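J.: no sequence on this one, just coordinates:
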């Protein structure tokens, strides 16, 4: 064995550094994806957006349910206010609230209002104030299913509860037949999918089951799925994927996920006609919501058992959570300017296209006045 | 093929009855045909099943025939050979599929625009956008983590193999073992609660790099340790006998001899951390914009980008396409690095007699 | 770059090395170069120790906080509801799932990996062996998130047929019973993990088999051994400790794998005796799934479960160390 007397280690590490360095330094990238050949639709600057003296990077985190809405808003907003970068990470309501109470983010997005202990925790971050809930985005939770040959399906709260509790296990069950006399229901095992992660969508879906079918859904509810049995998958995208690839599957997800390869269930409510899962129908149900927050807090209580014609009962509302007083000085202008925009008519007007429901006029007016008073 | 080379080595006059060279191929062909036939007859759709049937038939057939013709020892040898071949072929299928799927689905949106633009203001559900910001983030975070952990890791391994005998060495060995079991998200949490919450530093690429260092260190130490142990003691003794100081012996004789294995270990460690999603999500935060400075403000990274595109896809094909393209880029990046390191190691490694 | 300075600051004051160590060092390190080098390498060891101690203390502290509030039995409860009132959570399901999926993965991956390693070093024609070794090396570098993506979108749809088959022929055992859901079960996780750790184990095993002294092999061949007998008598005994530590490396990845498992498994908090039916979970997967929505209490509970994973990994590594130590005399390299 003969050895070369050279400093191999140094050469090796130099090589690695050189490769990394070269890759890092030589390439030059661009943030400009607003237009151009790859098909990103360009957004014209909107003169109605008031940038004020907003600038810098705005960090926000929270509900993934409203991620697409925020994306649409950010696109419009950044086109006008080029000096602001809004960085919303949709990692989940819990993570958002935790990041907010730790002072990491300017605002958080959440599918459920702050709990009392979270309000207490927020007081440490909001000097002289506290965290408040501003309802901003609504949306229907669709029940998607994959049953070959069945294009439309009507279910009520009781059947849904029994299906998701693995009490009804076959698509040709009498209870389903009774609601769908015309459908050709196959002899197929039902595969109910739920979320394996904790989720505001699960929370709102089970709240609906608890409110509308209290005798058949005996669980206490919450962000974690409690019933036994059935399939599960990670994230709305995961359950949507699961429903698409499994014959006989059914699951709940935000409306924007329920497409290609599945149909959505029409829900039978107190009204005479079953209600389709659409943005308009969800808006009707959300308009019956009551403000239950106190002071500047605008937390809502949703009505899961609407009886009005065409009001879709399974909905969720996401809140933006900010400090009423004591927001950080360097992010306050940008926060205020962005929130003002998304609560404006323009901002709320974008929602329907993205698969969400705008807030009713009465509520959004209160939101606007609260935002103008943020400090 | 392999049997051919084997039997060539033996003088033909002493050879007992043996099967012809084409024997293995014939049995293989017959088993595949039978496997396909049985599957067709039973109406099995999955390709996994006929492959399994064919594999079992191949091994059993080889043993049966060889045991009759060549005797038990030769039959065992043939079975071992066929088992090894079957193992190889069975393993190739999923791995080849992984590469094929990633490449074929990844090339759809992979172009210069994709590589040189960030996501910017493109929403996750829309087509367009790119991964420049994520590539940059991954390069910087992984680079920083490697720069920190390779020297520390290699030095620790040297300490354990060349010096350590006492309680300290035992403690270090023990904790390296413990460290391999740290779930990545826990490493992330640790840095989060110290660096970001207690020291109030804000999310940055460097915070992520520190968590990645925690994950990378034990892998580097363990693999380097293993490789240093394989260096023959004769080499060390020869060098020391010539009056070379111990530290020079280690640097000039021991390390160069083991450098190939160490490089492989480091590359494995880099691969492990380059694919880490959870700690990066916590600490580097993620961003749709380009940030060249790893020491302040959020950055993106490729695995996080893949995961977020998968999770926030909104069921849109555009996001899945981007996820696959980013996966392809990530693999390509790791492979380039791997090949480069390997090339350097081979070029610099001592020429052995073999 | 100022990494070194930032990195050095948290270094605690060096504790005095044990006496035996000191003596040895004094004997060996007479030259300044030696002393500096020893100092550097020992410093790295101590630094590593300090980080680990800090993490261990931090984790134990948070875990104890969580377990103190747990109203259920932490080890036997089949439920995970740390935000409930009262908080109830237990790791029974996670421990079961983690162990089962790892056993499946190891049972598939280790024999196959050893097979491939032997194939590359001893069976494949030289022209084929080199490139294959290269490809396997590169595959070992594929990040787990890519395996997760592939597992969720490609592998799962492929497994329907295999599951039906297993159910038909082995369903009577109870372990392979299948009720026809999507194949996102523990077995799928095991298979995916096996595919994932296969290149790693192959990689290291191959490296070890290659180190087998040529003389041992030639000696065996000269005695008229067949190729298989050479492998059994010369190659495998020599490589055993290497294969074990390679397997441990793979097992470490299998035990701690997070995202790939979370993307593939249809998890729930129940123990299912059938490997084909959905249900169960693993420590890492549970942490990843539950983390984003977790409150402070929930995070502490997850950390407590992480600590258990810690301990399991430690036991596994300890066992491997013992096996390797017992086999040490066999390793011919330093004879």
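T.: Cool, got the structure. Note that the structure is predicted; figures quoted are calculated from it, not measured. Numbering: from 1, shown residues only, chains lettered A, B, ... in the order given.
J.: quick one, what contacts residue C:198?
T.: Residues in contact with residue C:198 (C-beta atoms under 8 Å, 6 or more residues apart in numbering or on different chains) are B:91, B:95, C:109, C:112-113, C:116, C:250. Yep, even glycine has a C-beta here, placed from its N, CA and C like the rest.
J.: same question but for residue B:39, I mixed them up
T.: Residue B:39 touches B:49-50, B:53, counting by C-beta under 8 Å, 6+ apart.
J.: Show the low-confidence segments of the chain, by residue range.
T.: Because you didn't say which chain, this covers chain A. Low-confidence segments of chain A, defined by pLDDT under 70: A:1-28, A:34-47.
J.: I was after chain B.
T.: Low-confidence segments of chain B, defined by pLDDT under 70, are located at B:1-17, B:43-47, B:181, B:314-315, B:344, B:348-354.
J.: Could you look up the SS state of residue A:88?
T.: Here residue A:88 takes the strand state, with states given by DSSP: H, G, I helix; E, B strand; the rest coil.
J.: do the same with residue A:134
T.: Classification of residue A:134 using three-state DSSP returns strand.
J.: burial count for it?
T.: A count of nearby residues for residue A:134, using other C-beta atoms under 10 Å in any protein chain shown, gives 28.
J.: wait, it sits on residue A:369?
T.: No - with the criterion set as C-beta atoms under 8 Å, residue A:134 and residue A:369 do not qualify as a contacting pair; they are 10.9 Å apart.
J.: Residue numbers of chain C in contact with chain A?
T.: C:80-81, C:83-84, C:152-153, C:156-157, C:179-182, C:184, C:262-263, C:265-268, C:270, C:278, C:281, C:289-296, C:298-299 (C-beta under 8 Å from any C-beta of the partner chain).
J.: Of those residues, which belong to helices?
T.: C:156-157, C:262-263, C:289-291, C:296, C:298-299 (DSSP state H).
J.: Between all of those residues, which two are separated the most?
T.: Pairwise distances across these (C-beta to C-beta) peak at 39.4 Å, for the pair C:157 and C:296.
J.: Give me the more crowded residue out of the two.
T.: residue C:296 (20 against 12).
J.: What sits closest to that one if chain neighbours are left out?
T.: In space, residue C:296 comes closest to residue A:98 once its chain neighbours are excluded; the distance is 6.9 Å by C-beta to C-beta, 6 or more residues apart in numbering or on different chains.
J.: List the contacts of that neighbour.
T.: Taking C-beta under 8 Å, 6+ apart as the contact definition, residue A:98 lies against C:294-296, C:299.
J.: how about a markdown table for those residues, with pLDDT added?
T.: Listed next are those as a markdown table, based on pLDDT from 0 to 100:
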| residue | pLDDT |
| --- | --- |
| C:294 | 76 |
| C:295 | 76 |
| C:296 | 77 |
| C:299 | 81 |
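J.: quick check, the residue nearest to residue C:296 in a strand?
T.: No - according to three-state DSSP, the state of residue A:98 is helix, so it is not within a strand.
J.: do you know how far it is from chain B?
T.: Counting by C-beta to the nearest C-beta, to the nearest Å, the gap from residue A:98 to chain B is 10 Å.
J.: Work out for me the element the residue sitting nearest the centre point of chain C sits within.
T.: Computing the C-alpha centroid of chain C and ranking residues by C-alpha atoms, centre = their mean puts residue C:252 first, at 1.4 Å. In this structure, residue C:252 is located in helix C:236-256 according to DSSP states H and E.
J.: From the recorded domain assignment, give the ranges for chain B.
T.: What automatic domain parsing lists as the domains of chain B is B:17-105, B:132-348.
J.: Which residue lies closest in space to the residue nearest to the centre of chain C, excluding its sequence neighbours?
T.: Nearest-residue entry for residue C:252: residue B:180, 4.6 Å, with adjacent residues in sequence omitted and distances by C-beta to C-beta, 6+ apart.
J.: Can you verify my assumption that that neighbour contacts residue C:317?
T.: Yes - under the contact definition of C-beta under 8 Å, residue B:180 touches residue C:317, with a separation of 6.6 Å.
J.: any residues in contact with both of the two?
T.: Common neighbours of residue B:180 and residue C:317 are listed as residue C:252 (criterion: C-beta under 8 Å, 6+ apart).
J.: Under a three-state scheme, what state does the nearest residue to residue B:288 once chain neighbours are set aside occupy?
T.: Nearest in space to residue B:288, with sequence neighbours left out and distances taken as C-beta to C-beta, 6+ apart, is residue B:119 at 4.0 Å. Reducing the assignment to helix, strand or coil with three-state DSSP, the entry for residue B:119 is coil.
J.: For whichever residue of chain B sits closest to chain C, give me its contacts.
T.: Proximity to chain C, evaluated over chain B using C-beta to the nearest C-beta, is greatest for residue B:275 at 2.0 Å. Taking C-beta under 8 Å, 6+ apart as the contact definition, residue B:275 lies against B:303, B:330, C:142-146.
J.: so which of these comes closest to residue C:92?
T.: For those, the nearest to residue C:92 is residue C:144 (25.7 Å; C-beta to C-beta).
J.: Quick check, the closest one in contact with residue C:256.
T.: No - assessed by C-beta under 8 Å, residue C:144 is found out of contact with residue C:256, at 9.7 Å.
J.: State the helix or strand in which the nearest residue to residue B:316 once chain neighbours are set aside lies.
T.: With sequence-adjacent residues excluded and distances taken as C-beta to C-beta, 6+ apart, residue B:316 is closest to residue B:125, at 4.4 Å. Element membership of residue B:125 [criterion: DSSP H and E] is none; it lies in no helix or strand.
J.: Just give the number of residues close to residue B:125.
T.: With other C-beta under 10 Å as criterion, residue B:125 counts 20.
J.: Could you tell me which residues of the stretch 251-354 of chain B lie near chain C?
T.: Contacts of the stretch 251-354 of chain B with chain C, taken as C-beta under 8 Å from any C-beta, map to B:251, B:261, B:264, B:267-268, B:270-272, B:274-278, B:303, B:306-307, B:310, B:320, B:323-324, B:327, B:330-331, B:334-335, B:338-339, B:342, B:354.
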